[in-house]
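K.L.:
Need coordinates for the following:
(one chain, ligands or ions: 2)
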Amino acid sequence: MTTAEEKISDVSPEKTDSKQDVRQIPIHNLDIKRLIELDACTRCGECLSWCPVYDQDSKEGIVPRRKVIDFLKIARAQNGFLAKIMKSENVRESFKKVIRALFCYQEVTEEQIKEFVANLYECSTCGQCEVVCPAHIDTVNLWEDLRRLIVSAGYGPLEPQKALRKSVITFDNPWQQPRSGRTKWSRRAKKDNLIIEEPREIIKSKGKVLLFFGCTASYDANVKQVAINTVNILEALNIDYGVLGKDEKCCGSVLLRMGDPEHKRLFQENIDQFNGLGIETLISSCAGCFKTIMQDYPKVGKLNFEVLHTVEYLARLLKKGKLTFPHPVNRICTYHDPCHLGRATGGFDAPRLIMNSIPGLKLIEMPRNKEYSRCCGAGGGLKSGYPDIQNKMAQRRVKEAEETGAKELVSCCPFCYQGLQVGISSLASDIVIKDMSAYIAESLLGYDVFERADEDAAAKKKKKEEAQLSGEDEKKFKEADSDG
Ligand code: SF4
Ligand code: SF4
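P.N.:
Ligands and ions are numbered 1, 2, ... in the order given. Sure, this is the predicted structure:
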């Protein structure tokens with residue numbers, strides 16, 4: 001195998017575009033912690049055996065240690081002492097030739113940077129490398145900071161990811177849906193008898209708990225169960241909550257993860273909106289929104305409320321005796337820890353406490369669980385940048401779930417729900433994807449609202465058909481009677 005140094009240096013400047021095309025990566029924007037971390041990598045390669053993306057696409061360039069080596073190579077070539085001499089217009093070309101020969105100095109090329117950028121984005125920011133790294137490098141934040149440098153130099157994000165950016169900026173959601181469509185799901189759910197009332201707008205209800213749905217649960221009809229079940233749970237528990245309705249905007253996670261500086265504007269707008277509500281707690285059933293608001297927003301502005309994932313909020317009620325599960329949910333499931341709830345924030349116990357408290361529900365753990373949970377590939381912009389790799393990662397995780405013998409694969413994130421469903425469909429697997437809110441709602445209500453609505457609709461249809469039939473029979477009888 002070639003070493004990173006060999007690989008990155010074997011593209012000579014002569015083989016590439018003009019040197020003037022190479023833009024400067026603004027390494028001076030990196031804080032001291034990140035610079036130390038770049039230096040701290042011992043090249044031990046532990047990350048190689050754990051990275052779920054490398055597991056599906058074994059290219060050395062995407063392994064964390066190689067990203068570190070390649071970035072340093074670029075940074076030194078652009079910023080070191082030799083780089084300054086080589087870039088100076090006051091230094092004669094003949095002297096530069098001597099420097100090149102003496103110190104084996106080579107300018108970094110456009111191709112090398114583009115290759116590094118492609119590798120940097122082939123990562124779901126799952127945080128597994130951070131868990132196993134003996135040097136304790138804060139890799140997720142490192143990758144995100146490097147992506148920011150790359151974007152500011154005009155090299156990122158990747159072409160397919162640009163549509164997400166444009167959509168968030170134009171529509172306040174990454175799914176290219178009009179703003180007016182954000183609350184369509186609740187109107188539809190009310191009409192279909194899946195919820196009793198549409199959720200109250202917090203601006204009117206002045207509730208103490210803000211339920212933040214997030215874009216995926218609001219717009220994707222395939223994961224509408226997350227929003228519907230969460231509303232039914234809060235209603236059943238008589239929680240003093242409210243929602244933003246049409247005024248809810250994307251949390252900005254997608255921009256942050258792809259390195260787009262525009263995330264700060266969105267964060268600040270949301271912080272100002274949330275702080276002005278007078279809430280005590282913000283809850284979200286989306287692990288991505290939760291992590292972003294809880295961990296990343298405070299880097300931009302102060303929050304005057306606490307932030308919890310819905311399962312953490314409910315686990316707290318459970319511990320206080322304010323939540324009990326009256327009805328059994330007789331299922332066998334296995335649990336997928338979302339990276340942004342588990343590894344990122346340590347939220348391992350709350351979902352397990354809830355599942356173990358629901359009567360009838362049997363949880364079988366997968367071998368890779370908690371901090372070693374295998375990523376489904378949906379996050380970090382990987383799904384839009386490298387959909388085939390995401391698909392393979394999801395299939396890998398679904399196979400692991402199948403091997404437990406469980407009939408259902410449960411998580412607590414609409415993004416994981418979407419991501420794992422890709423793997424289930426590709427494998428034509430019999431395992432059924434679930435969001436934990438479905439089990440909680442079913443135990444509280446004593447039935448599954450979707451099954452109940454389907455049964456009601458089928459019963460109505462049958463009644464109508466019977467009425468039509470009996471009407472026709474009566475008509476026939478009358479006709480026969482008049483003939484006679
Ligand atoms: S964050 Fe996850 S996907 Fe990215 S390099 Fe680390 S282990 Fe691989
Ligand atoms: S595990 Fe950490 S120290 Fe070891 S090669 Fe990977 S990033 Fe470097």
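
K.L.:
burial of E159, as a residue count?
P.N.:
A count of nearby residues for E159, using other C-beta atoms under 10 Å, gives 9. (C-beta placed from N, C-alpha, C; glycine too.)

K.L.:
ignore the last one, N29
P.N.:
N29: 12 neighbours (other C-beta under 10 Å).

K.L.:
now the one 5 residues further on
P.N.:
Close neighbours of R34, defined as other C-beta under 10 Å, add up to 18.

K.L.:
Can you check the pLDDT for it?
P.N.:
Model confidence at R34, given as pLDDT, is 94.

K.L.:
Are stretch 53-73 and ligand 2 in contact anywhere?
P.N.:
Yes. Legend: contact between stretch 53-73 and ligand 2 by C-beta under 6 Å from any ligand atom is shown at P64, R65.

K.L.:
Report the distance from that stretch to the chain centre.
P.N.:
From the chain centre to the centre of stretch 53-73 is a distance of 22 Å (C-alpha atoms, centre = their mean, to the nearest Å).

K.L.:
now the end-to-end length of that stretch.
P.N.:
One end of stretch 53-73 sits 23 Å from the other (C-alpha to C-alpha, to the nearest Å).

K.L.:
show me where the stretch 151-300 of the chain has strands.
P.N.:
With DSSP state E, counting those that start in this stretch as the criterion, the stretch 151-300 of the chain has strands at 209-212, 241-242, 281-284.

K.L.:
Looking at the stretch 151-300 of the chain, which residue is nearest ligand 1?
P.N.:
Closest residue of the stretch 151-300 of the chain to ligand 1, C-beta to the nearest ligand atom: R257 (10.7 Å).

K.L.:
Run a quick neighbour tally on that residue.
P.N.:
For R257, the count of nearby residues is 28 (other C-beta under 10 Å).

K.L.:
Touching, it and L382? I think so.
P.N.:
No. The criterion here is C-beta atoms under 8 Å, and R257 misses it with L382 at 9.2 Å.

K.L.:
And the residue of the stretch 351-484 of the chain that's closest to ligand 1?
P.N.:
C375 (6.1 Å).

K.L.:
out of everything not next to it in sequence, what's closest to that residue?
P.N.:
Leaving aside its sequence neighbours, C375 sits nearest to C126 (C-beta to C-beta, 6 or more residues apart in numbering; 3.6 Å).

K.L.:
Count residues in the vicinity of E198, would you?
P.N.:
Using other C-beta under 10 Å, the number of residues around E198 comes to 15.

K.L.:
can you pull the contacts of it?
P.N.:
For E198, the contact set (C-beta atoms under 8 Å, 6 or more residues apart in numbering) comprises T183, S186, R187, A189, K190.

K.L.:
can you tell me how far it sits from ligand 2?
P.N.:
Going from E198 to ligand 2 by C-beta to the nearest ligand atom, to the nearest Å gives 48 Å.

K.L.:
And for P414?
P.N.:
P414 is 31 Å from ligand 2, where distance means C-beta to the nearest ligand atom.

K.L.:
how deep is the residue nearest to that residue when sequence neighbours are not counted tucked in, by neighbour count?
P.N.:
Distance criterion C-beta to C-beta, 6+ apart; nearest residue to P414, sequence neighbours excluded, is T216 at 4.0 Å. T216 is flanked by 25 other residues according to other C-beta under 10 Å.
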